[in-house]
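Peer 1: Sharing a model that was predicted from the sequence below.
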Amino acid sequence: MSRVLFVDDDATFRRVLARELRDFGHEVIACADGDAALAAALDQRPDVALIDLRMPGLDGMELLGRLLRHDGELPVIVLTGHGAVAEAVAAMRAGAYDFLTKPTPLDALEQVLRRALERRGLLDDNRRLRRLADAGPGPVDILGSHPRTVALRELTDRVARADAHVLVEGENGTGKELVARRIHAASARRDRPLVVVHGGAIPDDLVEAELFGHERGAFTGADRRRIGLLEAAHGGTVFLDEIGELPLGVQPALLRAVQFGELRPVGASEPRHVDIRIIAATNRSLPDEIAAGRFREDLYYRLAQLVVRVPPLRARRSDVRELAVRFLATASRASSRTVSFADDALAALEALDWPGNVRELENVVMRVALLVDGPLVSAADVAGLCAHPDPDRLASAELPTLDVRELERIAIAAALRKHAGSKPKAAAELGIGLKTLYTKLARLRDDPVR
């Protein structure tokens, strides 16, 4: 529901028009003078303002200027009396969106409000898409000198020169998004947007509208047209993270976008065409998902024109030292401290398996930078802050059950307890997507293990 700031000192006119605005479906902030209107705008952030020019005290022109200084993108529609053309022209030059004369025909008012709100919505969309879009200037570095890391850098550079779609495979935390950014930054599309879409973070009922956009009135609450993320990346690259969690019902539409560059916003009668390169990432085995009926085989082969596999950190242990030193330098600058690793600390880090991969290593190093007292980090500090379980103890421990679903329930409960009920942190601890965790919790609620 859009919020309209309406200002007029005529009590009868204000009451009648405010009622009509509410009948149009707007939330109305009705004010009798400019001072009250300015205070309301600062507190409640209206989507559009409808103001009278001639008011006692703070008049309409002064209010217009103050509103636009506070929010330069606020559409302000001014109300003038008959014969006040000069005032209307002055208001337009001062930044008003449009003007209407009193008495105002309701159909004209509704049309002007609709256009103003659509403009506001487009500006909001532009801000949203600018936050999502990152042209990624300059090369993106993949740290490490292990032969597998060197081979990964060389492969991404070769893949970048092609314009085919790419599937990036690897465990959670290995740096799949970094690989995607390097491919984009080294490609011919480097000066165009890179739009990052985290599939596991979008609710199922919003995925289609987020990816493909929607028309005004397409569903309840769609009060304006909205550009989808795929269309926002036109000419550039879309990074679809956690592609394995994309709902099956949306996959045919994505297939058309991948195969033909064609998409249809929700509620649109005609398709639109986009020029995009898709880089998809997954920590799942998509062939297994296909066999289970959760992923389309034709979409898989379209996405996997080129495949890049990111090795886990335990398969390139010699990179741990270089990564740890870089992460510690970054964390030290952020905390205004000078901290460095002793040789035995780096050896201790290198000896660990890092099931959470590079992301886990970065988190551990951040804890080291913040919590170690002295300037030198020892092996004992690493052992105390990593808190890795003893694999020998786990191997010899007796499991409470051999039922896989019961073990899953125990693991989820333990992760939630550890992170004080935080589902995003528990999902990261378990190495699964947030949406996957919600799905598992819902299944356990519907069919609890006894």
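Peer 2: Yep, that arrived. Numbers count the residues shown, from 1 in each chain.

Peer 1: From here on, just use CA atoms for contacts and neighbour counts.
Peer 2: Fine.

Peer 1: Could you list the low-confidence segments of the stretch 151-300 of the chain?
Peer 2: For the stretch 151-300 of the chain, the stretches with pLDDT under 70 are 221-223.

Peer 1: where exactly do the strands run in it?
Peer 2: Per DSSP state E, counting those that start in this stretch, the stretch 151-300 of the chain carries strands over the ranges 166-169, 194-198, 213-214, 226-227, 237-241, 262-263, 272-273, 277-282.

Peer 1: Same question for the stretch 301-450 of the chain.
Peer 2: Applying DSSP E, counting those that start in this stretch to the stretch 301-450 of the chain gives strands spanning 306-309, 340-341, 376-377.

Peer 1: Go through these and pick out the most buried.
Peer 2: strand 340-341 (a mean of 20; mean count of other C-alpha atoms under 10 Å).

Peer 1: What is it packed up against?
Peer 2: helix 319-335, strand 376-377 (3 or more C-alpha pairs under 8 Å, 6 or more residues apart in numbering; DSSP states H and E).

Peer 1: closest one to Ser2 among those?
Peer 2: Across the helices and strands packed on strand 340-341, Ser2 has its closest neighbour in helix 319-335 (40.8 Å, C-alpha to C-alpha).

Peer 1: Show me the contact partners of the closest one.
Peer 2: 143-146, 313, 338-341, 346-347, 349-350, 361-362, 365-366, 369-370 (C-alpha atoms under 8 Å, 6 or more residues apart in numbering).

Peer 1: same thing but at 6 Å, please
Peer 2: Residues from elsewhere that reach helix 319-335 (C-alpha atoms under 6 Å, 6 or more residues apart in numbering): Gly144, Thr338, Leu346, Glu350, Val365, Met366.

Peer 1: For those, please prepare JSON lines with the additional fields distance to Gly261 and pLDDT.
Peer 2: Output for these, formatted as JSON lines (distance: C-alpha to C-alpha, whole Å; pLDDT from 0 to 100):
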{"residue": "Gly144", "distance to Gly261": "36", "pLDDT": "93"}
{"residue": "Thr338", "distance to Gly261": "51", "pLDDT": "85"}
{"residue": "Leu346", "distance to Gly261": "48", "pLDDT": "93"}
{"residue": "Glu350", "distance to Gly261": "45", "pLDDT": "92"}
{"residue": "Val365", "distance to Gly261": "43", "pLDDT": "89"}
{"residue": "Met366", "distance to Gly261": "42", "pLDDT": "85"}
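
Peer 1: now, which of the residues you listed lie within helices?
Peer 2: In this view, the contacts of helix 319-335 that belong to helices under DSSP state H are Leu346, Glu350, Val365, Met366.

Peer 1: Which of those ranks first by neighbour count?
Peer 2: Using other C-alpha atoms under 10 Å as the neighbour test, those are led by Val365, with 26 neighbours.

Peer 1: how close does the closest residue in space to that one that isn't next to it in sequence get to Thr439?
Peer 2: Sequence neighbours aside, Leu328 is the residue nearest to Val365 in space, at 5.9 Å (criterion: C-alpha to C-alpha, 6 or more residues apart in numbering). Using C-alpha to C-alpha, to the nearest Å, one gets 36 Å for the distance from Leu328 to Thr439.

Peer 1: which of these two has more neighbours?
Peer 2: Leu328 (23 against 12).

Peer 1: Can you say which of the strands of the stretch 151-300 of the chain is nearest to Ile51?
Peer 2: strand 226-227 (27.5 Å).

Peer 1: Show me the strands paired with the closest one, marking each as parallel or antiparallel.
Peer 2: Applying DSSP bridges to the sheet, strand 226-227 is found paired with strand 213-214 (antiparallel).

Peer 1: domain assignment for this structure?
Peer 2: As given by automatic domain parsing, the domain ranges for the chain are 3-130, 147-309, 314-388, 394-446.

Peer 1: one step back: return the member of the ones in helices among the contacts of helix 319-335 nearest to Phe212.
Peer 2: Closest to Phe212 out of the ones in helices among the contacts of helix 319-335 is Met366 (38.1 Å), distances taken as C-alpha to C-alpha.

Peer 1: how about the closest one, what does it touch?
Peer 2: Contacts of Met366 by C-alpha under 6 Å, 6+ apart are Ala331.

Peer 1: same thing with Leu371?
Peer 2: Residues counted as contacts of Leu371 (C-alpha under 6 Å, 6+ apart): none.

Peer 1: and it, what pLDDT?
Peer 2: At Leu371, the predicted lDDT confidence score is 80.

Peer 1: which one of the ones in helices among the contacts of helix 319-335 sits closest to Tyr97?
Peer 2: Of all these, Met366 has the smallest distance to Tyr97: 49.4 Å, by C-alpha to C-alpha.

Peer 1: ok, that closest one to Arg359 distance?
Peer 2: 11 Å.

Peer 1: cool, and Glu210?
Peer 2: 27 Å.

Peer 1: Those two: which is more packed in?
Peer 2: Glu210 (19 against 16).

Peer 1: Wait, that one touches Arg226, no?
Peer 2: No. Counting by C-alpha atoms under 6 Å, Arg226 is not a contact partner of Glu210; they are 8.7 Å apart.

Peer 1: who touches both of those two?
Peer 2: Common neighbours of Glu210 and Arg226 (C-alpha under 6 Å, 6+ apart) do not exist.

Peer 1: can you count the residues close to Arg90?
Peer 2: No, residue 90 isn't Arg; it's Ala. By other C-alpha under 10 Å, the residues close to Ala90 number 12.

Peer 1: hang on, I meant Glu154
Peer 2: Counted with other C-alpha under 10 Å, Glu154 comes out at 12.

Peer 1: re the thing from before, which one of the strands of the stretch 301-450 of the chain lies closest to Arg409?
Peer 2: strand 306-309 (30.5 Å).

Peer 1: returning to that earlier point: ok, of the contacts of helix 319-335, which one's closest to Asp52?
Peer 2: Met366 (56.0 Å).

Peer 1: ok, now how distant is that closest one from Glu208?
Peer 2: Taking C-alpha to C-alpha as the measure, Met366 falls 37 Å from Glu208.

Peer 1: now, of the domains of the chain, which is deepest in the fold?
Peer 2: domain 147-309 (a mean of 19).
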